[in-house]
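Novice: A predicted structure for the sequence below; I have some questions about it.
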Amino acid sequence: MNAEPPRDPHTSAATKRLSRRKRWMFRLLAIALSLLPLLIAELICIAFDWGNPTLRDDPFVGFSEVHPLFELSEDGTQRVRAESRARFFAEARFPAIKPKGTFRIFCLGGSTVQGNPYSTATAFPTWLEVALDVSDTSRDWEVVNCGGISYASYRLVPILEECLTYEPDLLIVCTGHNEFLEDRTYDHIKRPSTSTLVTMNVRGRSRVFTLLRETLGSDENSGSQAPRLSAEVDAILDYNDSLKLYHRDDEWKSNIVEHYAFNLQRMVDLCRAAGVPILFVRPPSNLADTPPFKSEHSSDLSAEAIQRCEELFASARSHYRDDLPQACRLLEQAVELDPRYALAWYELGQCRLSSGDPVAAREAFWKARDEDICPLRMIAPLEEKLRAVAERNKIPLVDAFALLEAECSSGILDDQKLVDHVHPSFRGHQEIALALAEELARRNMARLGSDWRTKSEAEFRLRFNSLDDMYFHNGLETLKALRGWTQGRAVAPDAGERFPQRLER
């Protein structure tokens, strides 16, 4: 009987690797073949423009109704801001039929875009149009201000969709401060995981799934199950004694951050589908001269730990005048004991700044802003999402925060460039406009001469000096009311009566 020849171990191992590779290739081929019908269906939908994603695709919130921002003027020659939107949007208009040779830009955002506490005459969209008019005469420039007071990203999506129907050449979006203003829940989302969010984004952008929803009239994550918001903003702070309704809620915050990212991506997708460029602006916020609007101790701290934290805090304050280093040490102990108490971080930042350590001070101010129980300034997780969406989609991002902060003597954004917690000064708006004009030039959308800044600055001064005294008086009155609003002192019914469910949280 002949014995089997010995097997070469190297040949055997190579055979096994080849076999495994073939199995994986067959599996991948099977997956590809199973997805092929879906891809073909998607291409057919694109070819016939079926199932184009609409507002109903937002799985986080829905709206009771959506009204257009612009309507035709009586003579039919202009698109004008609808009178029904006057409470939230300033007057704006543009030709109903776009003139030849016109480059049309829509600027979307909240009150920062609108120019609060003043108005559109001194807002960066106006200064952008002025700078482009005097610097590039090869075309006519239209910059339309679509900044809505208290408007968050989810309310800007329908505005963006509407603006895309008006032949824009560019959309500029500056949003992030207003995400926590309205009462809404995300119970129907059930703590979305990363994979769930990816699936929601894919389905929200798929024409096949959109067509199926329209045909079947249902979807487990559709806007039909999402909270229905009113047609206009119903901000919690629009009611009296409203700060009592804000409490630490990390799950709510996390869902808001994901919703914000979802809205940014939808804006990008809508612009791409329409073939219109989009540009993002990171909004600025006041770090050094705006204390947190509400602070709460960590929920897992014992009563004894909270008392000790308060004692350290009080002792630190007693040393502000005579021993800043000791005050810093005491506050550092307090934030180590309770790293989520926003006011302690803010006062630590002030002590460090006064002690000549702006780098450490800035870190403390960041903590104070991001641990604010009533976040009326864009928080770091939102900024991270903005950068991530811009980088992933290769969207230009003009960093107004860094731009204005670089001009502050302390190196920390403060009252030198902002008139309150988020709104730029007159000069701040002009600097943002100049930065946007430079970005347009980098993107070959504008041609700026060597003396374009000199011309722009000269025209800025002429326009600014032409404004009457009442414009500035009204702005100061609005600023006074705005400061009361941020402190929960609106002249309105009690917030607890309007939102009783928040008292129970």
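Specialist: Ah, there it is.
Novice: mind checking how far Glu457 is from Arg266?
Specialist: 37 Å (Cβ to Cβ, to the nearest Å). The way it works is simple: take the backbone N, C-alpha and C, and place the C-beta from them, glycine included.
Novice: in stretch 97-115, what's buried?
Specialist: Across stretch 97-115, burial judged by 16 or more other Cβ atoms under 10 Å covers 98, 103-115.
Novice: Look at Glu457 and Arg266 and report which has more neighbours.
Specialist: The residue with more neighbours, out of Glu457 and Arg266, is Arg266; 23 against 13, by other Cβ atoms under 10 Å.
Novice: Next one: the residue nearest the centre of the chain from Val389, what distance?
Specialist: The centre of the chain sits closest to Gly176, judged by Cα atoms, centre = their mean, with a distance of 2.4 Å. To Val389, Gly176 is 12 Å away according to Cβ to Cβ.
Novice: Could you do Ala361 as well?
Specialist: 30 Å.
Novice: How much space separates the closest residue to Gly411 other than its chain neighbours from Cys328?
Specialist: For Gly411, ignoring the flanking residues on the chain, the nearest one in space by Cβ to Cβ, 6 or more residues apart in numbering is Pro358 at 5.1 Å. Distance from Pro358 to Cys328, counting by Cβ to Cβ: 14 Å.
Novice: Show me the two of the buried residues of stretch 97-115 that sit farthest apart.
Specialist: Lys98 and Ser111 (27.8 Å; Cβ to Cβ).
Novice: what pLDDT does Val61 get?
Specialist: With respect to pLDDT, Val61 scores 80.
Novice: how many other residues sit next to it?
Specialist: So Val61, with other Cβ under 10 Å, has 20 neighbours.
Novice: same question, Asn393
Specialist: The number of residues near Asn393, taken as other Cβ under 10 Å, comes to 16.
Novice: Isn't it up against Val268?
Specialist: Yes: counting by Cβ atoms under 8 Å, Asn393 touches Val268, with 4.9 Å between them.
Novice: ok, back up a step: now do the shared contacts for Pro358 and Cys328.
Specialist: Arg352 (Cβ atoms under 8 Å, 6 or more residues apart in numbering).
Novice: Between Ala361 and Val389, tell me which one has more neighbours.
Specialist: Ala361 (24 against 20).
Novice: Shouldn't the more buried one be within a strand?
Specialist: No: using DSSP: H, G, I helix; E, B strand; the rest coil, the assignment for Ala361 is helix, not a strand.
Novice: just checking, what's the longest helix in the protein?
Specialist: Longest helix of the chain, by residue count under DSSP state H: helix 9-48.
Novice: any idea which helix or strand comes after it?
Specialist: Once the chain leaves helix 9-48, the next helix or strand it forms, by DSSP states H and E, is strand 62-63.
Novice: how about the helix or strand following that next one: buried residues?
Specialist: Following strand 62-63 in sequence order, the next helix or strand is strand 70-72 (DSSP H and E). Across strand 70-72, burial judged by 16+ other Cβ under 10 Å covers Phe70.
Novice: for strand 70-72, packing partners?
Specialist: strand 78-81 (3 or more Cβ pairs under 8 Å, 6 or more residues apart in numbering; DSSP states H and E).
Novice: What separation do you get for Leu436 and Glu310?
Specialist: 46 Å.
Novice: neighbour-wise, which of these two wins?
Specialist: The neighbour count for Leu436 versus Glu310, taken as other Cβ under 10 Å, is higher for Leu436 (28 against 15).
Novice: Which of the three states applies to that one?
Specialist: From three-state DSSP, the assignment for Leu436 is helix.
Novice: wait, what's in contact with it?
Specialist: Phe124, Leu128, Ile172, Leu279, Val281, Val398.
Novice: Which of these are buried? Put it as a PyMOL command.
Specialist: Only the buried entries of the contacts of Leu436 go into this PyMOL selection, using 16+ other Cβ under 10 Å:
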select buried, resi 124+128+172+279+281+398
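Novice: Among the contacts of Leu436, which ones are in strands?
Specialist: Taking DSSP state E as the definition of strands, those contribute Ile172, Leu279, Val281, Val398.
Novice: would you list every one of the strands in this structure?
Specialist: 62-63, 70-72, 78-81, 93-95, 102-109, 140-147, 170-174, 228-229, 278-282, 397-399.
Novice: Now render those as CSV, adding distance to Glu407.
Specialist: Formatted as CSV, these follow (distance: least, Cβ to Cβ, whole Å):
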stretch, distance to Glu407
strand 62-63, 39
strand 70-72, 35
strand 78-81, 33
strand 93-95, 32
strand 102-109, 21
strand 140-147, 23
strand 170-174, 18
strand 228-229, 38
strand 278-282, 15
strand 397-399, 13
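Novice: and of those strands, who's closest to Pro158?
Specialist: strand 62-63 (7.4 Å).
Novice: Show me what the closest one pairs with in its sheet, parallel or antiparallel.
Specialist: strand 228-229 (parallel) (DSSP bridges).
Novice: Now the partner strand: average pLDDT?
Specialist: On average, strand 228-229 scores 83.
Novice: what sits up against it?
Specialist: Residues outside strand 228-229 that contact it (Cβ under 8 Å, 6+ apart) are Val61, Gly62, Phe63, Ser64, Glu182, Arg184.
Novice: Run the chain-centre distance for that strand.
Specialist: 20 Å (Cα atoms, centre = their mean, to the nearest Å).
Novice: Ok, stretch 117-137 next?
Specialist: The answer for stretch 117-137 is 22 Å, by Cα atoms, centre = their mean.
Novice: ok, now stretch 385-400?
Specialist: 11 Å.
Novice: again with stretch 429-444
Specialist: Taking mean C-alpha positions (Cα atoms, centre = their mean), stretch 429-444 and its chain are 20 Å apart.
Novice: Can you point out the buried residues in it?
Specialist: 429-441.
Novice: Same question for stretch 448-456.
Specialist: Leu448, Trp452, Lys455, Ser456.
Novice: check contacts around Asp414.
Specialist: So Asp414 contacts Asn286, Leu287, Ala288, Asp289, Cys408 (Cβ under 8 Å, 6+ apart).
Novice: what separates it from Asn286, distance-wise?
Specialist: Taken as Cβ to Cβ, the span from Asp414 to Asn286 is 6 Å.
Novice: Surely Arg340 and Arg248 touch.
Specialist: Yes: if you go by Cβ under 8 Å, Arg340 and Arg248 touch, sitting 7.4 Å apart.
Novice: Now for those two: what residues contact both?
Specialist: In contact with both Arg340 and Arg248: Glu296, using Cβ under 8 Å, 6+ apart.
Novice: okay, how far is it across stretch 311-327, tip to tip?
Specialist: Length of stretch 311-327, first residue to last, Cα to Cα, to the nearest Å: 12 Å.
Novice: about what we covered before: I'd assumed Ser410 was in contact with the residue nearest to Gly411.
Specialist: Yes: contact status for Pro358 versus Ser410: in contact at 5.4 Å, counting by Cβ under 8 Å.
Novice: of those two, who's got more company?
Specialist: Pro358 (18 against 14).
Novice: picking that back up, now do the buried residues in the longest helix of the chain.
Specialist: Quick answer for helix 9-48 (16+ other Cβ under 10 Å): Ala41, Glu42, Cys45.
Novice: Show the model's pLDDT score for Ala3.
Specialist: For Ala3, the model assigns a pLDDT of 54.
Novice: Over to Ser111?
Specialist: 97.
Novice: Now do the contacts for the closest residue in space to it that isn't next to it in sequence.
Specialist: Leaving aside its chain neighbours, Ser111 sits nearest to Ile149 (4.8 Å; criterion: Cβ to Cβ, 6+ apart). Counting by Cβ under 8 Å, 6+ apart, Ile149 touches Arg87, Phe88, Phe89, Gly110, Ser111, Gln114, Asn116, Val233.
Novice: Show me which of those is closest to Ser425.
Specialist: Closest to Ser425, out of all of the contacts of Ile149 and judged by Cβ to Cβ, is Asn116, at 12.0 Å.
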